[in-house]
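K.L.:
Sharing a sequence plus its predicted fold:
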Amino acid sequence: MAGLRVDRLVKRLGNQLAVDDVTFEVAEGEFFVLLGSSGCGKTTTLRTICGIEQPDSGRIVIADRDVTALPSRERNLGMVFQEYGLYPSMDVLGNIAYGLQARGGLPKSEIERRVVEAAEKLGLTPLLRTSIVDLSGGEQQRVALGRAMVKDADAYLYDEPLSNLDPKLRHRMRRDIQDLHRAKQKATLYVTHDQTEAFALADRIGVMAEGRLHQVGTAEDLIESPATTFVASFVGTPPMNLLAGELHNVDGELGVQCAGVRLPVPPAAKVAIEDHGRTAVIVGIRPDGLTITGTEAATISATIADVEPLIGQTIIRARIGGDATVSALLDGDTGDHLSTGQVVRLGVSAEISLFDPDTGSALAS
Ligand SMILES: Nc1ncnc2c1ncn2[C@@H]1O[C@H](COP(=O)(O)OP(=O)(O)OP(=O)(O)O)[C@@H](O)[C@H]1O
């Protein structure tokens, strides 16, 4: 397979297991985002892929070449990192052209043509002869993108490239990155802590925490079928509600008792539960799977703690007894007349998820 493959990667930094047995593949032409909060090991994964760090074990394969032991410059990568990695002694032109010149093999006229074209695309033409140190953060970031743009790399790596930019520049740079990816059609690996960015850019997302890759999937997979309670509580705005539940067999029918109501067990979880033989579970209910309903018995009594109006939707947070609170994402005008302190009844309208309380893993066949 061409593209990029990370195979059982392990990297220890000090006494920290920064990358703990991470495996994933990015197909040729795929935009893959590694998503996780600060310190989860995503930057270390990226630095190992590009050769700045050496792995303790595991393999990196780029475009069908095992590059694990190769120095960075022989991996043929386009890289755009947060701290820019530009040469302060050079001007914009020199920085964009540097990688091509250092690699050799291209005539001067071709290098010039590519640099002029990239500068034009990125709005850097008037700055070509300006020194890097005289540029704003946003301009420097575009120079870094220009440098990746002129290369014919086997894969492209981005480490939080938008985090130092204001919202307008961020939007523009995001479009530039998407354009570059479309033009090159290579494996792209993009690292961020920002799920909005991940959802906007990714074909698939890998969610990392404490050095481990918890799940790889589309945004929809992560939201609808989180593989662990970590993914469930990290992804989505608001994220999935996680509540204690207990499994009961009533007249041969398996159900889960949660927040005072009995909910059906999703078919995909039944086999896993039978194998497991447990009764205590964690129940995951998506915020958009909760609706305000009438007073039927199979609804959860809730006291509204907070109402957050959005455009065309409302998020409510509500107490449901004890310390437990849930978030509900209500469509249309359903939330318009709700206020803090009001008692409502919540119905569960979407399939629930079930997790093993000991391991946090989803119970699914
Ligand atoms: N040089 C180092 N020595 C010891 N521990 C380190 C070193 N660099 C990073 N770490 C630790 O390794 C873990 C992973 O760090 P890493 O930078 O990969 O995370 P990250 O998810 O990219 O975070 P951020 O978004 O803040 O860069 C963290 O716990 C961090 O504190």
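P.N.:
That came through, no problem.

K.L.:
count of neighbours near the closest residue to the ligand within the stretch 51-200 of the chain?
P.N.:
The minimum distance from the stretch 51-200 of the chain to the ligand, using Cβ to the nearest ligand atom, falls at residue 193 (5.6 Å). C-beta here means a position set from N, CA and C on the backbone, and glycine is covered the same way. For residue 193, the neighbour count with other Cβ atoms under 10 Å is 17.

K.L.:
Give me the pLDDT value at it.
P.N.:
With respect to pLDDT, residue 193 has a value of 95.

K.L.:
Skip the chain neighbours and tell me the closest residue to it.
P.N.:
Spatial nearest neighbour of residue 193, excluding adjacent residues (Cβ to Cβ, 6 or more residues apart in numbering): residue 37 at 5.4 Å.

K.L.:
Tally up the residues packed near the one you found, please.
P.N.:
Counted with other Cβ under 10 Å, the neighbours of residue 37 add up to 11.

K.L.:
now residue 48
P.N.:
Counted by other Cβ under 10 Å, the residues lying close to residue 48 total 24.

K.L.:
quick one: contacts for the nearest residue to it once chain neighbours are set aside?
P.N.:
Ranked by Cβ to Cβ, 6+ apart and with sequence neighbours excluded, the top spatial neighbour of residue 48 is residue 55, at 5.1 Å. Residues in contact with residue 55 (Cβ atoms under 8 Å, 6 or more residues apart in numbering) are 9, 10, 11, 19, 48, 68.

K.L.:
Give me the below-cutoff pLDDT ranges for the stretch 51-200 of the chain.
P.N.:
Along the stretch 51-200 of the chain, segments meeting pLDDT under 70 span 83-84.

K.L.:
Close to the ligand: what parts of it are there?
P.N.:
Within reach of the ligand by Cβ under 6 Å from any ligand atom, the stretch 51-200 of the chain has these residues: residue 193.

K.L.:
Which positions in stretch 153-171 come out as buried?
P.N.:
153-162, 164-165, 169-170 (16 or more other Cβ atoms under 10 Å).

K.L.:
Name the helix or strand for residue 46, please.
P.N.:
helix 42-50 (DSSP states H and E).

K.L.:
mind listing what the helix or strand just after that helix pairs with, with the direction of each?
P.N.:
As assigned by DSSP H and E, the chain's next helix or strand after helix 42-50 is strand 57-62. Neighbouring strands of strand 57-62 in its sheet, by DSSP bridges, are strand 4-13 (antiparallel), strand 65-66 (antiparallel).

K.L.:
what about the first one and the ligand, touching?
P.N.:
This points to strand 4-13. Yes: on the criterion Cβ under 6 Å from any ligand atom, strand 4-13 is in touch with the ligand at residue 13.

K.L.:
Would you point out which residue of the stretch 1-150 of the chain is nearest the ligand?
P.N.:
Counting by Cβ to the nearest ligand atom, the stretch 1-150 of the chain gets nearest to the ligand through residue 43 (2.9 Å).

K.L.:
nearest spatial neighbour of that residue, skipping sequence neighbours?
P.N.:
Leaving out its chain neighbours, the residue that sits closest to residue 43 by Cβ to Cβ, 6+ apart is residue 159, at 5.8 Å.
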